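1. Sequence first, predicted coordinates after that:
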Amino acid sequence: MTFTRIALSGAVAALIAAPALADQWRGWNIHPEDYPNSIALESFAKEVADKTGGRIEPEVYHNAVLGDQPDAIEQVRNGGLDFANFNMGPMGQIVPATNVLSLPFIFKDVEQMHHVMDGPIGQQFSDALAAEGLVALSWFDSGSRSFYNTKHPIETPDDVKGMKFRVMNNDLYVDMVDQLGGNATPMAYGEVYQSLKTGVIDGAENNYPSYDSSNHFEVAKYYSITNHLIIPECLCVSTATWDPLSDEDKAIVKEAAVHAAEEQRQLWAEREKASREKVEAAGVEINEVKDPKAFQDKMGPVYANFIKANPDLESLIKDIQATE
Ligand code: GTR
């Protein structure tokens, strides 16, 4: 008896003396360490750790080592992962309102996308994400996406005919490629390089930094500027991780995410330029499509099909189009 009592009080004393255990957060990232998003995520992790005095210790896992994007979205939603940088492309399958951001040519340019996402419309997307277990704390840039392929430059929609393109996991992109006369194959990002190399697909579509960092430029040498998609990305925290935080910690985490987005957007602009120069120097043939409107005009049915299936989202589309 006496022994037990001494041992117990010893354990209690040790507990009181020990510093509180840090809350360790696992963060998902698809990109390699030197990518703008990755650098900004590391800054986010550091700022959170510093400002909470180590109460929260976020760690970023780069290169999709924690799984591909659709799986990671599920994991953040159910609290298996704490935070992530997600492109809104694959998000549409889970949070239908975010599909509006995946409509081809929905934004006039990246600047307009920023105005939309940083204002009240952006808040509507944040609310829709929050209802599905994802707290969007800030918005990253992802430039604009264009088609690239192994065969020939794309000048007109006719050049897409018969070609097989990898798209992100979202039915909207299948419709988009269909309307251009091509065949779409939804596929995980990590499988695209090999699939291009072995001819399983003829092409894909992405922004310059991803075309560069994924090495797709080595195997698909024709990059045709269509700028058909401008898709924002969130820095999201799991609701399961967020809700129990004190107000003080919520403020710290939110501020760190906003700082990370500022840094990311700056790094993004630099990286876009550097990646374009790099792929050109490596022999990539870049062409600007002469008549972007010809591509845009083909998207009428994509919008019509989408609005038919989601009549409640039509006003959101109109609000975005009306934003300067
Ligand atoms: C990148 C984006 C990634 C991922 C990837 C893809 O531009 O940053 O999150 O969505 O494209 O094509 O799968």
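-> Alright, I've got the coordinates. Numbers count the residues shown, from 1 in each chain.
2. ok, so what distance separates Ile106 from Ser210?
-> Using CB to CB, to the nearest Å, we find Ile106 at a distance of 20 Å from Ser210. From N, CA and C alone the C-beta is placed, and that goes for glycine too.
3. Stretch 262-273 and the ligand, any residue contact?
-> No. On the criterion CB under 6 Å from any ligand atom, stretch 262-273 is out of touch with the ligand, staying 10.2 Å away.
4. List the residues that contact the most centrally placed residue in the chain.
-> In the chain, the C-alpha nearest the mean C-alpha coordinate belongs to Asn87, at 1.7 Å (CA atoms, centre = their mean). Residues in contact with Asn87 (CB atoms under 8 Å, 6 or more residues apart in numbering) are Ile30, Gln69, Ser142, Met168, Ile231, Glu233.
5. send the alpha carbons of stretch 208-225 over as PDB?
-> Only the C-alpha atoms of stretch 208-225 are listed here, as PDB (Å, rounded to 0.1, in the frame of the first residue of the first chain):
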ATOM      1  CA  TYR A 208       4.400  26.400 -65.800                       C
ATOM      2  CA  PRO A 209       5.700  25.700 -62.200                       C
ATOM      3  CA  SER A 210       4.000  22.200 -62.100                       C
ATOM      4  CA  TYR A 211       4.900  21.400 -65.700                       C
ATOM      5  CA  ASP A 212       8.500  22.100 -64.700                       C
ATOM      6  CA  SER A 213       8.700  20.600 -61.200                       C
ATOM      7  CA  SER A 214       7.000  17.400 -62.300                       C
ATOM      8  CA  ASN A 215       9.400  17.000 -65.200                       C
ATOM      9  CA  HIS A 216       6.500  16.600 -67.600                       C
ATOM     10  CA  PHE A 217       8.300  19.000 -69.900                       C
ATOM     11  CA  GLU A 218      11.000  16.400 -70.500                       C
ATOM     12  CA  VAL A 219       8.500  14.100 -72.100                       C
ATOM     13  CA  ALA A 220       5.700  16.400 -73.500                       C
ATOM     14  CA  LYS A 221       7.500  19.100 -75.400                       C
ATOM     15  CA  TYR A 222       4.600  21.100 -76.800                       C
ATOM     16  CA  TYR A 223       3.100  23.600 -74.400                       C
ATOM     17  CA  SER A 224       0.200  25.600 -75.900                       C
ATOM     18  CA  ILE A 225      -1.100  28.600 -74.000                       C
END
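6. chain center to the helix or strand that contains Leu235, what's the gap?
-> In the assignment (DSSP states H and E), Leu235 maps to strand 233-238. Put simply, strand 233-238 sits 9 Å off its chain's centre (CA atoms, centre = their mean, to the nearest Å).
7. Which strands or helices does it pack on?
-> In terms of contacts (3 or more CB pairs under 8 Å, 6 or more residues apart in numbering; DSSP states H and E), strand 233-238 is packed against helix 36-51, helix 69-77, strand 83-87, strand 134-140, helix 247-281.
8. buried ones in the last one?
-> Within helix 247-281, the residues that qualify as buried are 249, 252-257, 260-261, 263-265, 267-268, 271-272, 275-276, 278-279, counting by 16 or more other CB atoms under 10 Å.
9. sorry, back to before: which residues does the strand holding Leu235 contact?
-> Outside strand 233-238, the residues touching it (CB under 8 Å, 6+ apart) are 37, 40-41, 44, 76-79, 81-88, 129, 133-142, 253, 257, 260-261.
10. Flag the shaky bits of the stretch 151-300 of the chain, pLDDT-wise.
-> For the stretch 151-300 of the chain, no stretch has pLDDT under 70.
11. Return the residues of it in contact with the ligand.
-> Met168, Tyr189, Asn206, Asn207, Ser210, Glu233.
12. now with 8 Å?
-> Within the stretch 151-300 of the chain, the positions near the ligand by CB under 8 Å from any ligand atom are 166, 168, 188-189, 192, 204-207, 209-210, 231, 233.
13. how about TSV for the helices and strands packed on strand 233-238, with distance to Gln321 added?
-> Output for those, formatted as TSV (distance: least, CB to CB, whole Å):
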stretch	distance to Gln321
helix 36-51	27
helix 69-77	27
strand 83-87	22
strand 134-140	19
helix 247-281	23
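14. List the buried residues of the helix or strand harbouring Glu57.
-> For Glu57, the host element (DSSP H and E) is strand 56-61. The neighbour-count check on strand 56-61 (16+ other CB under 10 Å) flags Ile56, Pro58, Val60, Tyr61 as buried.
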